[in-house]
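1. model the structure of this input:
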Amino acid sequence: MKKLLLILTLFLTVGLAVTAQDDGDDKKTPGGKVEALKIAYITQKLNLSPEEAQKFWPIYNKYAAELRKVRVDGRLNKETEIEIEEKLLAIRKKYNGEFTKALSPEKVNAFFKAEKDFGTVLQKELLERRQQKLENRKNNNH
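-> Okay, here's the model as predicted:
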């Protein structure tokens with residue numbers, strides 16, 4: 001029963017995250033897919049109980065929305081990278097306390113590490129895909 005609740009919670013969370021990103025603009029779809037992959041990656045790394053997941057994901061959704069807003073506003077306002085990073089760090093510090101209401105300090109730390117690791121994994125995957133495309137093009141031209 002607990003596994004069923006966890007799976008249901010994850011599907012709902014992923015659905016909400018993707019829906020929140022999808023405002024009918026097809027350009028947003030890849031971001032929604034990446035967010036869904038990120039949620040799955042974090043879920044796997046944190047090994048959340050159903051109770052933890054139920055508390056954690058609503059906080060995470062607010063956190064992700066604030067990060068997104070800072071990034072978008074920073075680009076629109078032509079802020080420097082340092083200014084944007086300072087704002088992002090302030091949000092992370094703020095939510096560190098919020099996340100500890102749902103998770104142990106160890107899991108909160110694991111979350112921030114998993115979030116960072118996901119970026120690295122994503123970059124590696126994108127680089128490998130680009131290289132594969134270039135190799136395929138090169139092979140097709142010969």
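
2. next up, the contacts around the nearest residue in space to residue 34 that is not next to it in sequence.
-> Once flanking residues are discounted, residue 34 sits nearest to residue 122: 6.9 Å by Cβ to Cβ, 6 or more residues apart in numbering. For glycine as for every other residue, the C-beta is placed from the backbone atoms N, C-alpha and C. Neighbour list for residue 122: 34, 37, 38 [criterion: Cβ atoms under 8 Å, 6 or more residues apart in numbering].

3. in helices, which of those fall?
-> Among those, the members found in helices (DSSP state H) are 34, 37, 38.

4. only the buried subset of these, as a ChimeraX command please.
-> Entered in ChimeraX, the line below selects the buried ones among the ones in helices among the contacts of residue 122, by 16 or more other Cβ atoms under 10 Å:
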select :38
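
5. now the ones in helices among the contacts of residue 122 as CSV including distance to residue 88?
-> Output for the ones in helices among the contacts of residue 122, formatted as CSV (distance: Cβ to Cβ, whole Å):
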residue, distance to residue 88
34, 17
37, 20
38, 16
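
6. which helix or strand contains the residue nearest to residue 34?
-> For residue 122, the host element (DSSP states H and E) is helix 105-140.

7. what are the buried residues along that helix?
-> Using 16+ other Cβ under 10 Å as the burial criterion, the residues of helix 105-140 that qualify are 107, 108, 110, 111, 114, 115, 118.

8. which of these sits closest to residue 58?
-> Sorting the buried residues of helix 105-140 by how near they are to residue 58, with Cβ to Cβ, puts residue 111 at the top with 14.2 Å.

9. run through the residues that contact the residue nearest to residue 107 when sequence neighbours are not counted.
-> Sequence neighbours aside, residue 46 is the residue nearest to residue 107 in space, at 5.7 Å (criterion: Cβ to Cβ, 6+ apart). Residue 46 is in contact with 52, 56, 103, 107, 110, 111, 114, counting by Cβ under 8 Å, 6+ apart.
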